[in-house]
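Colleague: The following comprises the amino acid sequence and a computationally predicted model.
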Amino acid sequence: MSTLIGSEIKRSNYRILGLVGRGQFGRVYCALDRQTGEFVALKALDRAALPTNQFLRELRFLVTLQHPNIVMCQAIEHLHGKRFLVMDYCEGGTLRQLMENHQRLHLALSVRLVCDVLAGLEHAHSQGVVHCDIKPENILLSLSAQGWTARISDFGISRLSQDISPEPANLTGSPAYMAPERFYGQYSHSTDLYAVGILLFELLVGYRPFSGLPAELRAAHLNQPVTVPTHIPTPIQDVILKALEKLKARRFHSAAQMREALLLAVHDRSEFLPEPLAIAPKVHASIVLREERSLYPVEQIGIMDTTPAPEYDRYLRRSMSVFLGHSQNVTERSYPMGFFDRRDGKASPLMTLSEPIQEFVVRSQTCFALTTRSIYKLSELAPQLLTRFHQPARIAIAPNGCWMAVATLGSRNAATLLSFWRLPQPKLVQHPTLCESTLGELIAIVAMSSRHVALISKVDRATRIDLFNRRGQVLGTLNLPVQLKQVFSTPKPFCLVGIDQARSILLIHLKPYRLIQIAIALSPKFVTAFSWGVVVCNENQLIALDYEGQQIGRSDIPLHPCAIAGYGEDGLAIATWHQGQGRLYTLSLESIRAANL
C-alpha cells in the first residue's frame, strides 16, 4: 500500500480495505464510507498519466451518464494534490475474471451480459459519448437476485461523437477489440458495437477472432474475414458477423438495434436455457488411506492432528484423535459421542450428551463440541462442560482458540445479544452488545480473524452480514442480494463460503469486498475448507475450488456420506451410513492440492 493510502487517506471520508485493480490511469481501491458504511470504489488518478483536461473530460462523462448498466461517479476526493473518483462499487470484479474462472460461459449468461453492455452503450450514445475501449476488463459485475449485472466502466479515453479533432495517438485503447476505422483515428457509435461483437465472440467461443502482435491485429481487423465456429447457433452467428463488418455502414446502426437482434436470436430456444457454468476439470483421484467401522450414523466429525510424522509416513503413523457425533439414541433420548485414537485404532466407550452436537471445532490441538446451549472441551476420557447458557445460542471460536463470541438467540432464531468470552476457561470479558432488532434468522456466526466476528442472517429474500470487532462495535453491514441457505468459515481470513437457494457456491471475500459465484455440476451437500481452497461434496463425488473460484480438481468419494471433516493440509475424513452399516474413511487430497500450487 502506498504512502498516500497509508497516511493521507485516513483523513478522508473513506476507509481503504484493499487494492482491487490497476488501470491505465491509476489504481482502484475497495473502500468503506465512514458515515454510511457503504462500499465504494476509490479510483486514485495519476496526474502524470491523466492530465487535468483529460480528468475533467472523464468526470464530465461520468456526471452526465446515469444508468444502471454504467458505473457511476458519486463524489470527488482531493487530498494533498491527489485526486480520487468515488465510484459505485461492483463486488463481482471484472468480466475478464468471470471468463477466466469459467473458461467459456453458457450462452444464456453471455447473451444477458452483452445485452447489459448494449443497454449501457445505448444510454451513452444517446448522450453523444463513444466509449472507445469496450473490453472484458472494463466491464464490471454486480450481483442481484437474478444473477450478474454487467456495468460499463473506465471512460478515460471516451470521445464525444461531435468531436472533429483526431484521436490522440496515445489513447488508442486495446487493439484486440478495435474496429478497423480506429486504426485511422476515426470513431463512431458503431465503433463500440464492433468491440461488443468481439466481446460476444470471445464469450461464446472462448477466444477472440483475431490474435497476435498489434501490427498483426491491425492487419486482421482491416482485411481478415471472421469465421464463427459452427457450434454457435446460426442466428447468433448472424449477429456476430453483422457487428464485425469491416465497413461501419454495414454494421448495426445503434446499440438498441443490436440488442433487439440478439434477443430475437435467442427467443424461445430451449438450448439457451441456463445450465451450471462449471466446466468439468481434469479428474484427480483421491487416495483412501484407511477405513474403520462405525456402529452409529455420524452427524459431526472432529479431528485433532497432534503429532506430525515424517513426510513419507505421515498418514499411516500420525497421531490423530477422532471424535464422532452420532444421531440420537431414541430409546434413551441421549446423543452418543465416540472417540478413537489413530495411533492404535482403539475406540473408547461411547460417551453421551443430553443435547445434539451442532459442530465440532478444532483449535490449537483442542477439540470443542458446540451445542445450542453449551460448549464442551473434548478428550478421550470424557467431555468437559465449560459453560452452559440460559438461552439458545450460536458460538464462534477464534482461530487461535483464545476467545469465543456468543450470539444469544431470541424469537425466530434472530441474534439479540453478542458477547465475548475468554477461553479455555470461559470468562465474560465485557457486557453483551445489543444486536439490532432488524436482524432476521441467524444463519451463522463466524470468527473472521483474531479480532473480528461476523453475524450472517436471513433478511427477507436477501442475506445480511454484520461485522463486529471484539469490543462489540459494529464495523459495517453488508446486504447480499441473494438468500444463502448455509454459510461456512474458512482458514482464509475474511473469507466465507455460502450456498444459495439455487445451490450454487458463493465465495465472499470481505477485505477487499468481492463476490465470486460458481455454479457447479453437483448439488452441494457438504462443504469443508483448507488453506488452499474449498471442497464441496454430494452423494458420490467432490469438487475442489481455489479461493478465486477456479475448479482445480474432482474425484469420486465413498458412497452414502453422512458427515465430512478436513484436517491438516489435505486430509479428508468421510463417514458413511447405508443399510445399518457405517464406515469412516480417511482420504488424501494431496494430488488436488498439488494442482493448485
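Modeller: Thanks, I have the structure now.
Colleague: Which pLDDT does the model give Thr416?
Modeller: In this prediction, Thr416 carries a pLDDT score of 92.
Colleague: Could you do Ser327 as well?
Modeller: 66.
Colleague: wait, Tyr376 sits on Thr387?
Modeller: No - contact criterion C-beta atoms under 8 Å: Tyr376 and Thr387 do not qualify, at 9.5 Å. Using the backbone N, CA and C atoms, a C-beta is placed for each residue, glycine as well.
Colleague: Comparing these two, which shows the higher neighbour count?
Modeller: The neighbour comparison of Tyr376 against Thr387 (other C-beta atoms under 10 Å) goes to Tyr376, with 22 against 17.
Colleague: what bridges to the more buried one?
Modeller: Ala369, Leu385 (DSSP bridges).
Colleague: Which pLDDT value goes with it?
Modeller: pLDDT at Tyr376 comes out at 92.
Colleague: what separates it from Thr352, distance-wise?
Modeller: As judged by C-beta to C-beta, to the nearest Å, Tyr376 and Thr352 stand 12 Å apart.
Colleague: One more: Pro432?
Modeller: The value you get for Pro432 to Thr352, if C-beta to C-beta is used, is 31 Å.
Colleague: Equivalent analysis for Cys562, please.
Modeller: 19 Å.
Colleague: Between the two, which has more neighbouring residues?
Modeller: Per other C-beta under 10 Å, whichever of Cys562 and Thr352 has more neighbours is Cys562, with 19 against 13.
Colleague: Excluding chain neighbours, what is closest to the more buried one?
Modeller: Distance criterion C-beta to C-beta, 6 or more residues apart in numbering; nearest residue to Cys562, sequence neighbours excluded, is Trp577 at 4.7 Å.
Colleague: so where does that neighbour fall, helix or strand?
Modeller: Trp577 belongs to strand 571-578 when assigned by DSSP states H and E.
Colleague: quick check: angle from the next helix or strand after that strand to strand 571-578?
Modeller: Using DSSP H and E, the helix or strand that follows strand 571-578 in sequence is strand 581-588. Counting by axes from the mean of the first three to the mean of the last three C-alpha atoms, to 10 degrees, strand 581-588 lies at 160 degrees to strand 571-578.
Colleague: quick one: whichever strand or helix holds Gln300 to strand 571-578, angle?
Modeller: Per DSSP H and E: Gln300 is located in strand 298-307. Relative orientation of strand 298-307 and strand 571-578, computed by the same axes, to 10 degrees: 150 degrees.
Colleague: Outside of stretch 246-266 itself, list whatever touches it.
Modeller: Here stretch 246-266 makes contact (C-beta atoms under 8 Å, 6 or more residues apart in numbering) with 107-108, 111, 114-115, 118-119, 121-122, 125, 179-181, 188-194, 196-197, 200, 221-223, 233, 235-236, 238-239, 242-245, 272.
Colleague: now do 6 Å
Modeller: Stretch 246-266 is contacted from outside by 111, 115, 118, 121-122, 125, 180, 190, 193, 235-236, 239, 243, 245, 272, using C-beta atoms under 6 Å, 6 or more residues apart in numbering.
Colleague: can you name the two of those residues that are farthest apart?
Modeller: Pro180 and Phe272 (30.7 Å; C-beta to C-beta).
Colleague: Give me the distance between Leu503 and Trp421.
Modeller: Quick fix: residue 503 reads Arg, not Leu. From Arg503 across to Trp421, the span is 35 Å (C-beta to C-beta).
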